[in-house]
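Novice: Starting from these lines, generate the structure:
(2 chains)
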Protein chains: 2
Amino acid sequence: MATIGEFGLIERVTRGRVQPPATLLGPGDDAAVVAQPDGRVVACVDVLVEGVHFRLDWSAPRDVGRKAVAANLADVAAMGAVPTGLLVGLAAPRDTPVATLEGLAEGMWAEAGVVGVGLVGGDVAASPTLVVSVTALGALEGRDPVTRGGARPGDVVAVCGRLGWAAAGLAVLTRGFRSPGALVDAHRAPTPPYAAGPTAALAGATAMIDVSDGLLADLGHVASESGVRLALRRDAFVVPERLAEVAPALGVDPLDWMLTGGEDHALAATFPPGTALPEGFVALGEVEEGEGVLVDGEPYAGSAGWEHFA
Amino acid sequence: MATIGEFGLIERVTRGRVQPPATLLGPGDDAAVVAQPDGRVVACVDVLVEGVHFRLDWSAPRDVGRKAVAANLADVAAMGAVPTGLLVGLAAPRDTPVATLEGLAEGMWAEAGVVGVGLVGGDVAASPTLVVSVTALGALEGRDPVTRGGARPGDVVAVCGRLGWAAAGLAVLTRGFRSPGALVDAHRAPTPPYAAGPTAALAGATAMIDVSDGLLADLGHVASESGVRLALRRDAFVVPERLAEVAPALGVDPLDWMLTGGEDHALAATFPPGTALPEGFVALGEVEEGEGVLVDGEPYAGSAGWEHFA
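Specialist: From the prediction side, this is the model:
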């Protein structure tokens, strides 16, 4: 990286990229300008650190780029918004191969392309540690944001997207295996159901959250912010065949992955009773008076998600 | 930091903070929502790395927080925009004292308060290296963004804000001194002329840039993006007394600091001929046909700014 310099690097990762119409002014100036037609911007940031959130011997740079962008786009979706642009803050060792940085950028553009947004700006700095900080911008299209605080007793709790796949993939890699590929790939880069966020908002979702730390941990935020209890039913969880196949070999209950594994970036939402759930959402329980998250009436015995500093 | 956890940390640095009206939804959800009344958002990101951009033995955490935010707010100003919100991506070692993180946050809030914006969101991750990534959002209030590409032959080149102070402060610290305090403070945290950005835009500025890498280096971007030459006059530079006093002791020509020192975050702009320059702007030269940046008709012999990976 030292050989091509900061400006050379930015030139390499932005050259020839096509910006969508929402990008009114793209990379290369002091700041970017992005259209936000309804007069509001949704904004969030996620930080990924080499050795903490990814390992370049387990994931290709392209996967890391995809994952960094996906985590952020999922946050935008969880507000019921559509993404409008991305900014990247990159701190990287001076001896980072240019190919690694190009791979990161390639993955970021690939994931951005899934939702049709551009990388509109960024910054690059030398650092002993590789740190990728992505900011996502989004638009609510005139709707109210769907927060974590709107769940009401009687609402249905539902999830759209994968649960436990990334955790299973990480477990596989941790034991030194490289297959099943579908699980390892799920750890390397998630495939969040971005479109389900705005769809859920339109269907009247009362609360929504991106499942990044584990379903129970993240639903716990909905419970506390909404001042309610979320009561899940164990038999509502259909264990995917892939998880059921590999779990016994690793001595794990696959439901543990589904309830406590993060990083698949499913969307968990609550809907008023009687709502026809949008395509892809599966009902897992109900909202009740009370607090916390229960499974079949009891706190779940597994580890409830994880905190980065715990 | 490990003792209070990610959520405890976020609670500590946001508790009791007052968000301005533009913050429609502040920290604590998947994403923030910020008002952008004219239907556009200005957005930029800056990354600061411990040991590269700051040293905690030379700068207090509060100064680092101020500096990280100031660099970004200056970028917003350089587009002719006013800031509307800030997001912070923080990567920090697990053994970082909570007081250090609180100091960082205190400085960020202090600098945000200078322009009346809030820290609307963020993310915290464990990392071997302390990295602070700040995203700033801004509003153009119906104006066109002032880019680097609009300078035209005949325009006046002018600067508002300090030149060379941070470089002089860094030189002082590098030689092992801690005074003069005004210069050392200028290195620790800049005082950019934020309001001058929108004012310059209203006065008809044709191009504008935040001076972060050094005046000659940054004007070089204006020259290349605009396809013009910027001709500066050496006698237009008034060397501040503080710089003149300390330069001989360090064997430095103070003009070198003013022309090549970065991180004061002055605003450099070009204005149509005959423009009454807004308060605080000092004319330093003219725009001509050609390319590059000249001082008294010649390339300046000093080092033209610096690249982080050079």
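Novice: so for the one helix or strand residue A:201 maps to, what's the average pLDDT?
Specialist: Following DSSP states H and E, one finds residue A:201 within helix A:196-202. In this model, helix A:196-202 has a mean pLDDT of 98.
Novice: now it, how far from the chain's geometric center?
Specialist: Helix A:196-202 sits 16 Å away from the centroid of its parent chain (Cα atoms, centre = their mean, to the nearest Å).
Novice: C-terminal to it, what's the next element?
Specialist: strand A:207-211.
Novice: hmm, back to that, the helix holding residue A:201 vs chain B: in contact?
Specialist: No. Figure legend: helix A:196-202 not in contact with chain B (Cβ under 8 Å from any Cβ of the partner chain); closest approach 9.3 Å. No exception for glycine: its C-beta is placed from N, CA and C like everyone else's.
Novice: which helices and strands sit right next to that helix?
Specialist: helix A:61-78, strand A:207-211, strand A:266-271 (3 or more Cβ pairs under 8 Å, 6 or more residues apart in numbering or on different chains; DSSP states H and E).
Novice: who does the second one pair up with?
Specialist: Each strand paired with strand A:207-211, and its direction, by DSSP bridges: strand A:266-271 (antiparallel).
Novice: Residues in contact with the partner strand: which ones?
Specialist: Outside strand A:266-271, the residues that touch it by Cβ atoms under 8 Å, 6 or more residues apart in numbering or on different chains are A:74, A:77-78, A:146, A:150-152, A:155-163, A:192-193, A:196-197, A:200, A:203-211, A:215, A:218-219, A:222, A:226, A:230, A:277, A:281, A:287.
Novice: Of these, select the buried ones using a ChimeraX command.
Specialist: In ChimeraX, this line selects whichever of the contacts of strand A:266-271 come out buried by 16 or more other Cβ atoms under 10 Å in any protein chain shown:
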select /A:74,77,78,146,150,151,155,156,157,158,159,160,161,162,163,192,193,196,197,200,203,205,206,207,208,209,210,211,215,218,219,222,226,230,277,281,287
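Novice: What count of nearby residues applies to residue A:297?
Specialist: 9 (other Cβ atoms under 10 Å in any protein chain shown).
Novice: Also residue A:251?
Specialist: As a measure of burial, residue A:251 has 7 neighbours, counting by other Cβ under 10 Å.
Novice: got the contact list for it?
Specialist: Shown in contact with residue A:251 (Cβ under 8 Å, 6+ apart): no residues.
Novice: how far away is it from residue B:42?
Specialist: 53 Å (Cβ to Cβ, to the nearest Å).
Novice: Any part of the helix or strand where residue A:102 lies near chain B?
Specialist: Residue A:102 belongs to helix A:98-115 when elements are defined using DSSP H and E. No. Helix A:98-115 does not reach chain B (Cβ under 8 Å from any Cβ); its nearest approach is 10.8 Å.
Novice: ditto for stretch A:216-230
Specialist: Yes. Stretch A:216-230 reaches chain B (Cβ under 8 Å from any Cβ) through residue A:225.
Novice: Could you list the contact residues of the stretch 51-200 of chain A toward chain B?
Specialist: So far as Cβ under 8 Å from any Cβ goes, the stretch 51-200 of chain A lies against chain B at A:51-53, A:75-76, A:78-79, A:81, A:85, A:87-91, A:94, A:120-129, A:131, A:133, A:135-138, A:140, A:145, A:147-149.
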